[in-house]
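Asker: With the sequence up front, the predicted model follows.
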Amino acid sequence: MAFSSVQFLFIFLPLSLAVYWLLPKALRNGALGAFSLLFFAWAGLKGAAILLALAAITWLGGLLLEKLPRKKPLLILLIAAHLAVLAAFKYAGFAARSINALVPDLLPVFAPALPLGISFYVFTAIGYLADVSGGKVAAARSPFRFFVFLAFFGHGPSGPIVRYDQQLPCLDAKAAERQVSLDRFCYGIKRFVLGLAKKAIIADQLALIYSRVTSVPAATVPAPALVLGYLAYMMQLYFDFSGYSDMAIGIGSFFGLELPENFNYPYLSCSVGEYWRRWHMSLSGWFRDYVYIPLGGSRCSLAKNCRNLLIVFLLTGLWHGAAWQYVAFGLLHGVLLCLERLGLRKFLQRIPPFFAHAYTLVVLWFTLIIFGAHGLAEGLAAWKGILSWQSGAQGYTAAAFADTKLMVLLAASLLLCGPLQACFPRLKKALYAKEAPGLPGMVGLLVLLFLSLMRVTAGTYSAFIYFQF
């Protein structure tokens, strides 16, 4: 049940809001937890059962960690249990296929359905356990508050990955931080509508270009069409995931839950390192705090620092998916960051920002070809087709993959992903202002909502890209 689906917009969200606000404050976390469990159960009862079991293990584990004098053995056991569940559903089939490629038919290959949000709530749970073990936070006493923290349907499916210390002030339904003023509710509406518009009006339409280009082998597609298709994918990915994150923040505001920002105009970056500080910031922060820094971070020799970067981005690639293309994507970014540490970053800081920005966008686009292709072989074929500027099969032209309307939308997306906001700071400020919008803002939001609902009710929406991760 995507946030942009008819079921969510017209049934689930209104019903959950009505029940939540009609109940006394003492019962609201229980109701929110029940609706969150229902949301996950909608995607599959097995996935909901796994979520419930891991939530119970994490909650009880946190209480035990707080009491034990020697915490490390239990922490390792709990983290291993969470990673084992994630590996069983996400990586076991990939591992079996990879081994069978070397030794045919050695292992049975199976592909269990990936439970919704498992990559996100497993990382949330591991972060919580590490923070309790390190004394950064006290273990949660209320199972209802803890379940809302771990599995609130606003962030559970695709993040942002929340931290317990950040969420703690607003987890108590009676706390002042949880109360929802008119301005806060209107801010939630604004972020939700903006996110819905990003998804329904822009991302889902750009997906038409990408799906057409990748529906045939890359070796048969002319180079201009490959450039067009993967440029559309680059923009689709941003508007799809940042749109989801905006909607998540909006939904959190409806219930008094403050969710962290997950994007800060990443396509304005002037280096790959800056890009990762702006893109999926909650995931980047998680890997920094729980993997990179424990490995030694940058406070070590240059060789060890590069080793740490390669490990972190190998894991980042694997987190995104169980396929060799994601391994390659992660390693490519690790290598790029190593090059920046070896001197490229200083060079980029010395040259005019335009050229540093152009470099960053080009290398990001090339790595996203590998990320977005239907397999590593197709990604490499697309690279080859673009670099050799192949002519492709007869009859395939760029016009065959995108009409004028889609081309205009693609051009508009290139402006709306950050350049327009950078040129007009007042626009950027208005988009994130937490007070109720004025009359022009309200009219603009109503227009966006109307156009978005037209797309949704016409059945042209699709699941969010990061739901598959």
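Answerer: That came through, no problem. Numbering: from 1, shown residues only.
Asker: mind listing the helices for the stretch 201-350 of the chain?
Answerer: Assigned helices in the stretch 201-350 of the chain, in chain order: 204-213, 223-254, 272-278, 281-287, 293-295, 302-320, 324-339, 345-350 (criterion: DSSP state H, counting those that start in this stretch).
Asker: Figure out which of the ones you listed is closest to Cys170.
Answerer: In terms of Cβ to Cβ, the element of the helices of the stretch 201-350 of the chain nearest to Cys170 is helix 223-254, at 8.8 Å. Bear in mind the C-beta positions are built from the backbone N, C-alpha and C, glycine included.
Asker: starting at the chain centroid, how far to the closest one?
Answerer: Relative to the centre of its chain, helix 223-254 is centred 10 Å away, using Cα atoms, centre = their mean, to the nearest Å.
Asker: before we move on, what about stretch 277-289?
Answerer: On Cα atoms, centre = their mean, the centre of stretch 277-289 falls 10 Å from the chain's centre.
Asker: Just the C-alpha atoms of it, please, in CSV.
Answerer: Listed next in CSV are the C-alpha coordinates belonging to stretch 277-289 (Å, rounded to 0.1, in the frame of the first residue of the first chain):
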residue,chain,number,x,y,z
ARG,A,277,26.1,14.1,3.0
ARG,A,278,23.0,15.3,1.1
TRP,A,279,21.4,12.0,-0.2
HIS,A,280,19.5,9.6,2.1
MET,A,281,21.1,11.4,5.0
SER,A,282,19.7,9.0,7.6
LEU,A,283,21.4,6.0,6.0
SER,A,284,24.7,7.8,5.5
GLY,A,285,24.6,8.9,9.1
TRP,A,286,23.8,5.4,10.3
PHE,A,287,26.8,3.9,8.4
ARG,A,288,29.0,6.8,9.6
ASP,A,289,28.2,6.3,13.3
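Asker: For it, give the mean pLDDT please.
Answerer: On average, the pLDDT along stretch 277-289 is 96.
Asker: Same check on stretch 424-437?
Answerer: Per-region confidence: stretch 424-437 scores 85 on mean pLDDT.
Asker: measure that stretch end to end?
Answerer: In terms of Cα to Cα, to the nearest Å, the two terminal residues of stretch 424-437 are separated by 18 Å.
Asker: List the contacts of that stretch.
Answerer: For stretch 424-437, the external contacting residues (Cβ atoms under 8 Å, 6 or more residues apart in numbering) are 182-184, 186-187, 190, 194, 420-422, 441, 444-445.
Asker: ok, now stretch 339-349?
Answerer: Residues from elsewhere that reach stretch 339-349 (Cβ under 8 Å, 6+ apart): 270-273, 298, 302, 305-306, 309, 356, 359.
Asker: at 10 Å what do you get?
Answerer: 270-274, 298, 302, 305-306, 309, 336-338, 355-357, 359-360, 363 (Cβ atoms under 10 Å, 6 or more residues apart in numbering).
Asker: Alpha carbons only: can I get that stretch in PDB?
Answerer: Included here for stretch 339-349 are C-alpha records, laid out as PDB according to Å, rounded to 0.1, in the frame of the first residue of the first chain:
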ATOM      1  CA  LEU A 339      40.300   9.300  -4.900                       C
ATOM      2  CA  GLU A 340      38.800  12.400  -3.300                       C
ATOM      3  CA  ARG A 341      40.700  11.700  -0.100                       C
ATOM      4  CA  LEU A 342      43.900  11.100  -2.100                       C
ATOM      5  CA  GLY A 343      43.800  14.700  -3.500                       C
ATOM      6  CA  LEU A 344      40.800  15.000  -5.900                       C
ATOM      7  CA  ARG A 345      38.800  16.800  -3.200                       C
ATOM      8  CA  LYS A 346      41.400  19.600  -2.900                       C
ATOM      9  CA  PHE A 347      41.500  19.900  -6.700                       C
ATOM     10  CA  LEU A 348      37.700  20.200  -6.800                       C
ATOM     11  CA  GLN A 349      37.800  22.900  -4.200                       C
END
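Asker: Figure out how far it is from the centre of its chain.
Answerer: Using Cα atoms, centre = their mean, the offset of stretch 339-349 from its chain centre is 27 Å.
Asker: Show me what counts as buried in that stretch.
Answerer: Within stretch 339-349, the residues scored as buried using 16 or more other Cβ atoms under 10 Å are 340-341, 344-345, 348.
Asker: next one: stretch 62-73
Answerer: Quick answer for stretch 62-73 (16+ other Cβ under 10 Å): 62, 65, 71.
Asker: mind checking pLDDT for the second one?
Answerer: Turning to Leu65, the model gives it a pLDDT of 96.
Asker: What about the residue nearest to Leu449 when sequence neighbours are not counted, how many residues nearby?
Answerer: Leaving out its chain neighbours, the residue that sits closest to Leu449 by Cβ to Cβ, 6 or more residues apart in numbering is Val193, at 5.0 Å. Other residues near Val193 number 21, with proximity taken as other Cβ atoms under 10 Å.
Asker: just use 473 as the starting number from now, easier for me
Answerer: Okay, residue one is now 473; in that scheme the one you just asked about reads as Val665.
Asker: Can you tell me how far Val665 is from Phe484?
Answerer: Going from Val665 to Phe484 by Cβ to Cβ, to the nearest Å gives 17 Å.
Asker: any idea which element the residue lying farthest from the centre of the chain lies in?
Answerer: Relative to the C-alpha centroid of the chain, counting by Cα atoms, centre = their mean, Gln866 is the outermost residue, at 38.3 Å. Under the criterion DSSP states H and E, no helix or strand holds Gln866.
Asker: What is the neighbour count of Leu787?
Answerer: 16.
Asker: and if you look at Val652?
Answerer: 15.
Asker: can I assume it is in contact with Lys497?
Answerer: No: using Cβ atoms under 10 Å as the test, Val652 is too far from Lys497 to be in contact (11.6 Å).
Asker: contacting residues around Ser591?
Answerer: 558, 561-562, 630-631, 633, 755, 791-793, 938, 940-941.
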